[in-house]
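**Q** Sequence first, then the predicted structure, then my questions.
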Amino acid sequence: MVPELKILFPREQIAARVAEMGEQITRDFAGEPVVLVGVLKGATIFLSDLSRQIALDSTFDFISVSSYGRQKQNSGEVKLLKDVDQSMEGKNVILVEDILDTGLTMAYLKEMILAHHPRTFRIAALLDKKCRRRRPIQADYVGFEIPDEFVVGYGMDYAERYRNLPDICVVG
């Protein structure tokens, strides 16, 4: 059965906001190199688009955790599936995430990255669902604040489906 999908943010609106975020990051780091650490798998499309809007020397790395499995609800338990491949020590690190929800996963990731002793650490989240926050954490760069809805598309999935949708949609 295919769920009903309603567009929350069309691709044009996403592209415009991601461009603004890239310009802000470029200004904030003023010619310094950055390492963009994408949270697999959901942030891959956002990372790809954001990186092309950042006019700085930048490299990529990836980290993978599991907190949802095949459910619509966060399990509350975060498991590391893949750590970064390169040293983050002394580098300007921007953790790139698709959605900041309860804050449990982000707090875990922040602690992990800070253990690598970066020069600076920032969080870029495409979506921020503040109404569900259980841990006090904020992103430095936010695309859109969203209500308590389950969303798919633009890299985000439901049971590994719908990642390829160009728009961000609410699952009905």
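**A** In hand now; what should we look at? Numbers count the residues shown, from 1 in each chain.
**Q** For the residue lying closest to residue 136 once chain neighbours are set aside, which residues are in contact?
**A** Spatial nearest neighbour of residue 136, excluding adjacent residues (C-beta to C-beta, 6 or more residues apart in numbering): residue 103 at 6.9 Å. Using the backbone N, CA and C atoms, a C-beta is placed for each residue, glycine as well. With contact set as C-beta atoms under 8 Å, 6 or more residues apart in numbering, residue 103 has these partners: 133, 134, 135, 136, 137.
**Q** and what of residue 99?
**A** Neighbouring residues of residue 99 by C-beta under 8 Å, 6+ apart: 42, 125, 126, 127, 128, 129, 146, 151, 156.
**Q** Mind checking which of these land in strands?
**A** 125, 126, 127, 128, 151 (DSSP state E).
**Q** Most neighbours among those residues, which one is it?
**A** Highest neighbour count within those: residue 126, with 32 neighbours (other C-beta atoms under 10 Å).
**Q** any idea what sits nearest that one, other than its immediate chain neighbours?
**A** residue 143 (4.2 Å).
**Q** Quick check: which element contains that neighbour?
**A** Residue 143 belongs to strand 141-145 when assigned by DSSP states H and E.
**Q** Strand partners (parallel or antiparallel) of that strand?
**A** Sheet pairing of strand 141-145 (DSSP bridges) gives strand 120-128 (parallel).
**Q** From residue 123, how far off is the nearest residue to residue 122 once chain neighbours are set aside?
**A** Nearest non-adjacent residue to residue 122, counting by C-beta to C-beta, 6+ apart: residue 140, 4.2 Å away. Residue 140 is 5 Å from residue 123, where distance means C-beta to C-beta, to the nearest Å.
**Q** quick one: which of the two has more around it?
**A** residue 123 (22 against 16).
**Q** what sits opposite the more buried one in the beta ladder?
**A** According to DSSP bridges, beta-bridge pairing links residue 123 with residue 95.
**Q** swap in the one 4 residues further on?
**A** Bridge pairing for residue 127 (DSSP bridges) gives the partners residue 99, residue 144.
**Q** What pLDDT is listed against it?
**A** With respect to pLDDT, residue 127 has a value of 97.
**Q** Point out where this protein drops to low pLDDT.
**A** 1-2, 68-76 (pLDDT under 70).
**Q** Spatially central residue for it, please.
**A** residue 97 (1.1 Å; C-alpha atoms, centre = their mean).
**Q** Alright, I will stop here.
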